[in-house]
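Peer 1: Fold the following.
(one chain, ligands or ions: 4)
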Amino acid sequence: MAAKSNGQVSKVLDGPINPMVTPLLTDLYQFTMAYAYWKAGKHNERAVFDLYFRKNPFGGEYTVFAGLEECIKFIANFKLAEDEIDFVRESLSSSCEDGFFDYLRGVDCSDVEVYAVQEGSVVFPKVPLLRVEGPIAVVQLLETPFLNLINYASLVATNAARHRFVAGESKMLLEFGLRRAQGPDGGIGASRYCYMGGFHATSNVAAGKLFGIPLRGTHSHAFVSSFMSPDEIIDKSLHSSDKRSTCEDFVSLAQTWLNKIQWSNSLNGTFGETNQSELAAFTSYALAFPDNFLALVDTYDVMRSGIPNFCAVALALNDLGYKAAGIRLDSGDLAYLSSEARKIFCIIEKEFGVPGFGKMVITASNDLNEETLDALNKQGHEVDAFGIGTYVVTCYAQAALGCVFKLVEINNQPRIKLSEDVTKVSIPCKKRSYRLYGKEGYPLVDIMTGENEPPPKVGERILCRHPFNESKRAYVVPQRVEELLKCFWQGPGGVREDLPPLNDIRERCISQLAKMRPDHMRRLNPTPYKVSVSAKLYDFIHFLWLNEAPVGELQ
Ligand SMILES: Nc1ncnc2c1ncn2[C@@H]1O[C@H](COP(=O)(O)OP(=O)(O)OP(=O)(O)O)[C@@H](O)[C@H]1O
Ligand SMILES: O=P(O)(O)OC[C@H]1O[C@H](OP(=O)(O)OP(=O)(O)O)[C@H](O)[C@@H]1O
Ligand SMILES: O=C(O)c1cccnc1
Ligand SMILES: [Mg+2]
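Peer 2: Ligands and ions are numbered 1, 2, ... in the order given. So this is what the prediction gives:
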């Protein structure tokens, strides 16, 4: 048990959800360095590392932070098993001394501290997502698993949030990507983090069970094409929804409705003969799920067959007191077909007096991504729900987020990593970071300060400097100051933040995104959000930079 900040006692944490997340899920060089630290007697030197990324993904100006819960559960249970130690021994040089493996046997994360931004937060380049402090050999072992747990999680949560942003708040987003995802963990992770990023449901049953994500689904073309004719349907009877009466031949009832639609005045002979095997499939699906009937309408011909067949079965269900759920379109021009389908539904609502028929849910799928969603919006469409697979789960538009883990202090001595490329120079020191909000309630700037600097104060003017560009600076008078890094781990008994349930993380993400200034969010040429350092930290970075950079000599 661990004491919580509110004085209560928090639960011992379970291990990570993915059993593959073990201390060996790291790069070999973390163990070789650990040995070299140990050999040099340096392994217990206190080090501070920052985990951050350098550039927002997908050409955007924001990122959603995800993956923290798995990191904390990982370190809470970090312990090398005997067979793992044996394997490390076999993998390192035979000259490695036995004492190192005795040391490894005792390694855990009780002496490690993790300060992190809350999962689901909107985050920006260069500002630490995690600040990890502890014995250098141990923290070094955490580098790779932490990056592995955060990079994809944050990338896919951001991708999901971007898809949601384009689709619009009123649209339902269904994640259909399991079959296309990068293996089982890619699939499970995608479902979890797409939900976190604002999707509404997944088709992935395992993710539904593991995380409580709402499950949704329709049916596939195989179901439709598996039927040959209505004669195949043996049990044709269906109870009314109130169970008071029974229709003995639901197949004929659907057929009767199809005839009515074909002869309807307002539809003016729009519909002729439809595909009877498709009608059989729809009827059969309705008999199986009368409360939740939906149909994939594009197997043969959406407008000539799928839509009239669907309407016939839906009207037959209506006679028995059931309300059909809707259709799915999986090919063709989704703007045009959804609009045409909506027109037909509205005409039927009017002509046959079926309230709500015009509002039938239209789901669209088929290689959807940000661009196609944007194109559909520009054309105008009647889609209520989007089923998105490949592009969202594989993060097709960008392969990786590129989070890094850099040493910023050792034994209280700030460290810097220099680079020809200024965007790759690390920001030294154990730091704090704050989000400063302006008059209109929007976040204005994130600012990093040295650990012991006084925090920015509401109403007090503070100079915010670009970390590397001397001429870029601004005074800010914050209306609200939010400290970004919170303590999520300081050993098993330490006071720490709770790990919130997935739904709370998702809510945080949705509400933070909604509170961003719109120009940071737009798809085309968004305005970069400002990330800065205090004047004191700026001076120190540049002092250290000059100190560490060798002076060249011209010949
Ligand atoms: N109105 C639209 N504007 C822009 N893109 C669209 C529109 N409607 C559909 N799309 C997209 O166009 C692509 C069409 O895919 P594709 O060329 O494979 O045709 P299809 O409709 O799937 O045909 P098929 O019958 O062969 O399955 C998909 O990525 C889909 O999301
Ligand atoms: O298109 P995505 O965004 O990846 O979404 C998932 C796709 O998976 C299904 O197709 P299926 O695997 O049956 O094959 P298909 O490509 O022939 O439709 C479904 O009909 C979607 O089209
Ligand atoms: O339920 C669906 O419609 C579905 C599920 C996975 C992939 N494509 C579609
Ligand atoms: Mg498809």
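
Peer 1: okay, now the residue in the stretch 101-250 of the chain that ligand 1 sits nearest to: neighbour count?
Peer 2: Using CB to the nearest ligand atom, the closest approach of the stretch 101-250 of the chain to ligand 1 is made by His221 at 9.5 Å. To be clear about C-beta, it is placed using only N, CA and C from the backbone, and glycine gets the same treatment. His221: 14 surrounding residues under other CB atoms under 10 Å.

Peer 1: measure it to Ser203 for me?
Peer 2: As for His221, its distance to Ser203 is 15 Å (criterion: CB to CB, to the nearest Å).

Peer 1: Show me how far stretch 413-432 is from its chain's centre.
Peer 2: Chain-centre distance of stretch 413-432: 29 Å, with CA atoms, centre = their mean, to the nearest Å.

Peer 1: List the buried residues for it?
Peer 2: Neighbour counts over stretch 413-432 (16 or more other CB atoms under 10 Å) mark 414-416, 425-432 as buried.

Peer 1: Kindly format the C-alpha coordinates of it as CSV.
Peer 2: This file holds the C-alpha atoms of stretch 413-432, laid out as CSV (Å, rounded to 0.1, in the frame of the first residue of the first chain):
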residue,chain,number,x,y,z
GLN,A,413,25.4,18.6,-12.3
PRO,A,414,23.3,19.7,-15.4
ARG,A,415,24.2,17.9,-18.7
ILE,A,416,23.6,19.0,-22.2
LYS,A,417,23.6,17.0,-25.5
LEU,A,418,24.9,19.2,-28.4
SER,A,419,24.1,18.8,-32.0
GLU,A,420,24.8,20.6,-35.3
ASP,A,421,21.0,20.6,-35.6
VAL,A,422,19.8,23.0,-33.1
THR,A,423,16.4,21.2,-32.7
LYS,A,424,18.4,18.3,-31.4
VAL,A,425,20.2,20.1,-28.6
SER,A,426,18.7,18.9,-25.3
ILE,A,427,17.5,21.3,-22.6
PRO,A,428,19.7,20.6,-19.5
CYS,A,429,18.8,20.6,-15.8
LYS,A,430,16.2,19.0,-13.6
LYS,A,431,13.3,21.2,-14.6
ARG,A,432,9.7,22.1,-13.8
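
Peer 1: List the contacts of that stretch.
Peer 2: Under the contact criterion CB atoms under 8 Å, 6 or more residues apart in numbering, stretch 413-432 has outside partners 48, 50, 54-55, 126, 128, 131, 133, 406-409, 448-451, 453, 455, 467-468, 483, 485, 533, 537, 540-541, 544-545, 548-549.

Peer 1: Give me the buried entries from these.
Peer 2: 48, 50, 126, 128, 131, 133, 406-409, 448-450, 467-468, 485, 533, 537, 540-541, 544.

Peer 1: among those residues, which are in helices?
Peer 2: 537, 540-541, 544 (DSSP state H).

Peer 1: mind putting the residues you listed in JSON lines, distance to ligand 3 and pLDDT included?
Peer 2: Below are those laid out as JSON lines (distance: CB to the nearest ligand atom, whole Å; pLDDT from 0 to 100):
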{"residue": "Leu537", "distance to ligand 3": "49", "pLDDT": "97"}
{"residue": "Phe540", "distance to ligand 3": "53", "pLDDT": "95"}
{"residue": "Ile541", "distance to ligand 3": "49", "pLDDT": "95"}
{"residue": "Leu544", "distance to ligand 3": "52", "pLDDT": "94"}
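
Peer 1: May I have the residues that are in contact with Pro23?
Peer 2: Taking CB under 8 Å, 6+ apart as the test, what Pro23 contacts is 78-80, 84, 141, 145.

Peer 1: That one falls within a strand, correct?
Peer 2: No. Under DSSP: H, G, I helix; E, B strand; the rest coil, Pro23 falls outside any strand and is assigned coil.

Peer 1: picking that back up, which of the contacts of Pro23 sits closest to ligand 3?
Peer 2: Pro145 (30.5 Å).

Peer 1: shouldn't the closest one be in contact with Leu25?
Peer 2: Yes. Between Pro145 and Leu25 a contact is recorded at 5.1 Å, counting by CB atoms under 8 Å.

Peer 1: which one of these two has more residues nearby?
Peer 2: Pro145 (23 against 14).

Peer 1: quick one, what contacts Ala549?
Peer 2: Leu418.

Peer 1: what packs against the helix or strand that contains Lys73?
Peer 2: Here Lys73, judged by DSSP states H and E, is contained in helix 68-76. The helices and strands touching helix 68-76, judged by 3 or more CB pairs under 8 Å, 6 or more residues apart in numbering; DSSP states H and E, are strand 113-116, helix 136-167, strand 486-490.

Peer 1: Recalculate using a threshold of 6 Å.
Peer 2: helix 136-167, strand 486-490 (3 or more CB pairs under 6 Å, 6 or more residues apart in numbering; DSSP states H and E).

Peer 1: ok and the residue in the chain nearest ligand 2?
Peer 2: For the chain, CB to the nearest ligand atom, closest residue to ligand 2: Gly389, 2.7 Å.

Peer 1: gap between that residue and Leu444?
Peer 2: Distance from Gly389 to Leu444, by CB to CB: 38 Å.

Peer 1: Kindly report the residues of the stretch 51-200 of the chain close to ligand 3.
Peer 2: Residues of the stretch 51-200 of the chain lying close to ligand 3 by CB under 6 Å from any ligand atom are Phe176.

Peer 1: which residues of the stretch 51-200 of the chain score low on pLDDT?
Peer 2: Scanning the stretch 51-200 of the chain for pLDDT under 70 picks out no residues.

Peer 1: now swap in the chain and tell me
Peer 2: 1-11.

Peer 1: packing partners for the one helix or strand Phe100 maps to?
Peer 2: Using DSSP H and E, Phe100 sits in helix 98-106. If contacts are counted by 3+ CB pairs under 6 Å, 6+ apart, helix 98-106 sits against helix 28-39, helix 82-91.

Peer 1: any idea which of these is most buried?
Peer 2: helix 28-39 (a mean of 17; mean count of other CB atoms under 10 Å).

Peer 1: Taking helix 82-91 as reference, get the angle to that one.
Peer 2: 90 degrees (axes from the mean of the first three to the mean of the last three CA atoms, to 10 degrees).

Peer 1: quick revisit: most tightly surrounded among the helices and strands packed on helix 68-76?
Peer 2: Most buried among the helices and strands packed on helix 68-76, counting by mean count of other CB under 10 Å: helix 136-167, with a mean of 24.
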